[in-house]
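Q: A structural model of the following input is requested.
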Amino acid sequence: DEIAALRVDEVLAALEDLANALVHAMGEGDAAVRQSIREKHLAGLGGSVKAYLEKIAAANAASGSKYIVGQDLTIADLAVYGFVNVLSSGAFDFVPTTLFADSPALQAVRDTVA
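A: Alright, predicted model coming up:
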């Protein structure tokens, strides 16, 4: 299905955008600057990526699916699973481990893939 393939690409691109923004701060030695960079991206790009992923997951769940795109497991599900787990793990300083706690649709995808 070409539309599902495009949705998978959209999800992967959104995750890549946020990952690049967060990783950008890794080389910063000054913790205050690193915190500022991460908080800026989580509030701006991160907020929009999270909202986008929640919207996609919720819409797909409304159609009876437990996956982020379509009715079958895709690379998008694996990417969301990995991304949610990494960002919830505490591995990134100044990224709250509760970032996705208020995202039931994303938690459902995470639980399904696990």
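Q: Longest helix of the protein, counting residues only.
A: helix 2-23 (DSSP state H).
Q: So what's the gap between it and the chain middle?
A: Relative to its chain's centre, helix 2-23 lies at 9 Å (CA atoms, centre = their mean, to the nearest Å).
Q: What mean pLDDT does it get?
A: For helix 2-23, mean pLDDT rounds to 87.
Q: Against which helices or strands is it packed?
A: helix 31-41, helix 47-62, helix 75-88 (3 or more CB pairs under 8 Å, 6 or more residues apart in numbering; DSSP states H and E). For glycine as for every other residue, the C-beta is placed from the backbone atoms N, C-alpha and C.
Q: Buried residues in that helix, which are they?
A: 4, 7, 8, 11, 14, 15, 17, 18, 21, 22 (16 or more other CB atoms under 10 Å).
Q: Dump it to CSV, keeping only the CA atoms.
A: Extracted C-alpha coordinates of helix 2-23, given in CSV (Å, rounded to 0.1, in the frame of the first residue of the first chain):
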residue,chain,number,x,y,z
GLU,A,2,1.6,3.2,-1.2
ILE,A,3,-0.1,5.4,1.4
ALA,A,4,1.1,3.3,4.2
ALA,A,5,4.6,3.4,2.8
LEU,A,6,4.5,7.2,2.8
ARG,A,7,3.2,7.2,6.4
VAL,A,8,6.1,5.0,7.4
ASP,A,9,8.5,7.4,5.7
GLU,A,10,6.9,10.3,7.5
VAL,A,11,7.2,8.6,10.9
LEU,A,12,10.9,7.8,10.3
ALA,A,13,11.6,11.3,9.1
ALA,A,14,10.0,12.9,12.1
LEU,A,15,12.0,10.7,14.5
GLU,A,16,15.2,11.5,12.6
ASP,A,17,14.5,15.2,12.9
LEU,A,18,14.1,15.0,16.6
ALA,A,19,17.0,12.6,17.1
ASN,A,20,19.3,15.0,15.1
ALA,A,21,18.2,17.9,17.2
LEU,A,22,18.8,16.1,20.5
VAL,A,23,22.1,14.6,19.5
